[in-house]
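only geometry, no sequence info:
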């Protein structure tokens, strides 16, 4: 049985200290030491907190993606909605999975100038905020799969008109961030 040990530095924000140690064990068919040119391949690696490893937990790409969507999503089409005032547009956003908390909305570029409220090509959006954790107003985290985004504009539109909110310029997109 052969042992290799690595000590990996961790950022200060990691709750279990400033380093992590990895001690994989492997067995060679003969009792000899590893020869020059020998190599070891690792597959199905899973890191766990603690001293006892559990059996490997395999998840499909789609399962991992849905779990990641709880924390972070990007969209080019945000959703449809209505003008609830001359410079304010309510947009209903449907998440493919409940997010872990009410997300913060931004854009990849950091600017709102690439946002278009389709109906009359309103490119004068100045800001966006998530106002409601869910359409039902629930504070239950499992409910954060549908929420309302308010977009403010520098222009004016007729209250009650509808539209669809899209990022359609300069390769921009919306970011919904419910990170830790």
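Yes, it's here. As the structure is a computational prediction, the values presented were derived from the model and not from experiment. Residues are numbered from 1 along each chain as shown.

nearest residue to the residue at minimal distance from the centre of the chain in space, please, no chain neighbours.
Central residue of the chain (CA atoms, centre = their mean): residue 72, 1.1 Å from the mean position. Excluding the flanking residues, the one nearest residue 72 by CB to CB, 6 or more residues apart in numbering is residue 177, at 5.7 Å. To be clear about C-beta, it is placed using only N, CA and C from the backbone, and glycine gets the same treatment.

likewise residue 112?
With CB to CB, 6+ apart as the criterion, residue 112 has its nearest non-adjacent residue at 4.4 Å, and that residue is residue 125.

number of residues surrounding the one you found?
22 (other CB atoms under 10 Å).

isn't it right next to residue 115, touching?
Yes - here residue 125 reaches residue 115: they are 4.1 Å apart, a contact under CB atoms under 8 Å.

shared neighbours, these two?
residue 151 (CB atoms under 8 Å, 6 or more residues apart in numbering).

so where do the strands sit in this protein?
Assignment of strands within the chain using DSSP state E yields the ranges 2-3, 6-9, 19-22, 25-26, 72-75, 77-85, 88-94, 104-107, 115-118, 125-132, 146-153, 162-167, 174-177.

now, of those, which is deepest in the fold?
Ranked by mean neighbour count, the strands of the chain are led by strand 115-118 with a mean of 21 (mean count of other CB atoms under 10 Å).

now do it: everything it contacts.
By CB under 8 Å, 6+ apart, the residues outside strand 115-118 that reach it are 89, 107, 122-123, 125, 128, 151, 153, 157, 163-169, 172.

many thanks, I have nothing further to ask.
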